[in-house]
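1. compute the structure for the input listed below.
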Amino acid sequence: MLGNFKSPSWTRAVIVLADAGFASKENLKLIQRRNKSDHKRLWGFVFSMARTWKMQNGKSLKNLVKHTPSSYYKRTWIPRFPDNGTRKTFWTFTKSACLRHIGDVTIVISKKGRNVGPKKAKVLVTNLPDVTTRQVLLMYQRRWSIEILFKELKTGLGMGQHQVTVNIDRIEKSLGIAIISYLVLVRARSKDIKPGKSWSIFQLKNNFSMDVVRNQVEHNWELRTNELLKAA
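-> Residues are numbered from 1 along each chain as shown. Alright, predicted model coming up:
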């Protein structure tokens, strides 16, 4: 899918964001090839990387995370996405390195506290030139809205698991049905969506279900009342 992606003519850069599960050699090399062949725009990535990846000096990312002293970490912050007036604070360590099979990259190790153990650290890697630590965190954060959407499509609508197969047609139909249901629910419960106030598909679904049950109970009661009146 990434290989077939065609960016709009007005774009100046394509930045691929993903978790460690998608940070394969094939995907990363594909992005590099597209960066070389596409002379109109920059192709880059910001990936969470598995700690088994090694640098050219033979040391793994796991070793880097484990042996970097806490005193090397610096405090930084980024606004929440979407912005709600608050911000998220992280302790980060940034290092330029040469990664095997990939080449020159910027590595950002991020933790929620300076003294948090290495097991809870996130390792981000990017090939984008001249980026700051905060910019890397901001770009990686933008994938979170997609994660929320997938979670809502999978569980929020109560439609069961998607039919995940290698068949593109089945995947498109499964996602298409979920998105249509999502839009119908948003339309049906539009009165619950207030400007400036947060809402979720879970809330809309719960309100919709309660209304359906309430209407059914009232309908049954009305039918029963009419029967009793006729009998009387």
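
2. can you name the next helix or strand after the lowest-mean-pLDDT helix or strand in the chain?
-> The helix or strand of the chain with the lowest confidence, counting by mean pLDDT, DSSP states H and E, is helix 144-151 at a mean of 74. Going down the chain from helix 144-151, the next helix or strand is helix 168-188, by DSSP states H and E.

3. relative to helix 144-151, how tilted is the very next helix or strand once past that next one?
-> Using DSSP H and E, the next helix or strand after helix 168-188 towards the C-terminus is helix 201-231. Counting by axes from the mean of the first three to the mean of the last three Cα atoms, to 10 degrees, helix 201-231 lies at 30 degrees to helix 144-151.

4. what comes up buried for helix 201-231?
-> Ile201, Leu204, Lys205, Asn207 (16 or more other Cβ atoms under 10 Å). In this view, the C-beta of every residue, glycine as well, is placed from N, C-alpha and C.

5. same check on stretch 79-95?
-> Phe90, Trp91, Thr92, Phe93, Thr94.

6. with stretch 22-34 instead?
-> In stretch 22-34, counting by 16+ other Cβ under 10 Å, buried: Ala23, Asn27, Leu28, Leu30, Ile31, Gln32, Arg34.

7. excluding its backbone neighbours, what's nearest the first one?
-> In this case it means Ala23. Phe47 (4.2 Å; Cβ to Cβ, 6 or more residues apart in numbering).

8. wait, a helix at the one you found?
-> No - assessed with DSSP: H, G, I helix; E, B strand; the rest coil, Phe47 is strand; it does not lie in a helix.

9. residues near Ile107, how many?
-> 21 (other Cβ atoms under 10 Å).

10. just say helix, strand or coil for it.
-> Under three-state DSSP, Ile107 comes out as strand.

11. got any ranges where the protein has weak pLDDT?
-> Across the chain, the ranges flagged by pLDDT under 70 are 81-85, 159-166.

12. residue ranges of each domain in it, please.
-> As recorded under automatic domain parsing, the domains making up the chain are 13-142, 147-222.

13. make TSV out of those and add distance to Lys230.
-> Converted to TSV, those look like this (distance: least, Cβ to Cβ, whole Å):
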stretch	distance to Lys230
domain 13-142	56
domain 147-222	13
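
14. hmm, back to that, the residue nearest to Ala23 is in contact with Leu17, isn't it?
-> Yes - with contacts counted by Cβ atoms under 8 Å, Phe47 reaches Leu17, the gap being 7.5 Å.

15. and the spatially closest residue to Thr89 that is not a sequence neighbour, how many neighbours does it have?
-> Of all residues not flanking Thr89 in the chain, Trp77 sits nearest, at 4.7 Å (Cβ to Cβ, 6+ apart). Using other Cβ under 10 Å, Trp77 is surrounded by 11 other residues.

16. and what of Thr106?
-> 21.

17. what pairs with it across the strands?
-> Ser96, Thr126 (DSSP bridges).

18. start the count at 57 instead of 1 going forward.
-> Okay, using 57 as the starting number, the last item reads as Thr162.

19. show me what contacts it?
-> Neighbouring residues of Thr162 by Cβ atoms under 8 Å, 6 or more residues apart in numbering: Thr150, Lys151, Ser152, Ala153, Val181, Thr182, Asn183, Leu184, Val187, Val192.

20. out of these, the closest to Gly159 would be?
-> Asn183 (7.3 Å; Cβ to Cβ).

21. residues in contact with the closest one?
-> So Asn183 contacts Ile87, Gln88, Gly100, Phe101, Ile158, Gly159, Asp160, Val161, Thr162 (Cβ under 8 Å, 6+ apart).
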